[in-house]
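**Student:** whatever this is, show me its structure:
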Amino acid sequence: MSNEKQVDPGRRGMLVATCAAGGVVGLATAGALVSTFQPSERAKAAGAPVEADISDIAPGSMKVVEWRGKPVWILRRTPEMMASLTKVDAQVADPASEKFYQLDTPAYAKNATRSRAEHKELLVVVGICSHLGCSPSSRFAAGAQPSLPDDWTGGFLCPCHGSTFDLAARVFKNKPAPTNLDVPPYMYLSDTRIVIGKDEKGDA
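**Tutor:** Numbering: from 1, shown residues only. Sure thing, here's the model as predicted:
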């Protein structure tokens, strides 16, 4: 006598259908899990170069754009601001930007203005202090002010620990910040637009 159990044909069909449905759910779940490991469009864009319109930046004013989750300052300096840079050469710790914080200083920014020759008045820097990562605030007006020296010629002040930077974002001597603010790779697309995070050598 056979011990083999007979399966009702109707139940067999139900079993096959259930297994098939389970397989579809399993595939769908696996697909969902795989998709969660794919970088989002925002994440992909986080490290991508960023274009900025500079046509609306008046002399003496600054625009802030985001690149890689960090603030990038774009300052259009006035002739008076530019003239102040030579006055503080002896007071800043690294006038030629030989050192850097997190980004290699591009060759075109290793000068007193820390800018490209075609637009010397435009400063482009990452607004993160090289001491503990705070974001300095602008102090463009010259003269004595709270937390600043009497002979202040304009620049930036880090509110966390008092590091000061000139209008080329060069750190003054004997301050907690060890280096100047970083200059990211950048280049001009036209007289009114720049791209940050990319230059003639490619993407950062």
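
**Student:** got any ranges where the protein has weak pLDDT?
**Tutor:** Scanning the chain for pLDDT under 70 picks out the ranges 1-46.

**Student:** 90 - rerun?
**Tutor:** Within the chain, the set of residues satisfying pLDDT under 90 comprises 1-47, 95-102, 104, 130-135, 144-151, 159-162, 201-204.

**Student:** list the contacts for residue 67?
**Tutor:** Neighbouring residues of residue 67 by CB atoms under 8 Å, 6 or more residues apart in numbering: 49-50, 126, 184, 196-197. The way it works is simple: take the backbone N, C-alpha and C, and place the C-beta from them, glycine included.

**Student:** just flag the most distant two among the residues you listed.
**Tutor:** Checking these against each other with CB to CB, the farthest-apart pair comes out as 49 and 126, at 14.0 Å.

**Student:** domains in this protein, by residue range?
**Tutor:** Following automatic domain parsing, the chain resolves into domains at 1-38, 47-203.

**Student:** deepest in the core, which of the ones you listed is it.
**Tutor:** With neighbours defined by mean count of other CB atoms under 10 Å, none of those is more surrounded on average than domain 47-203, at a mean of 17.

**Student:** end-to-end on it?
**Tutor:** Distance across domain 47-203, first residue to last, is 9 Å (CA to CA, to the nearest Å).

**Student:** return the distance of it from the chain's centre.
**Tutor:** For domain 47-203, the distance from its own C-alpha centre to the chain's C-alpha centre is 13 Å (CA atoms, centre = their mean, to the nearest Å).

**Student:** can you offset everything so residue one is 139?
**Tutor:** OK, 139 is where the count begins now, so the last one is domain 185-341.
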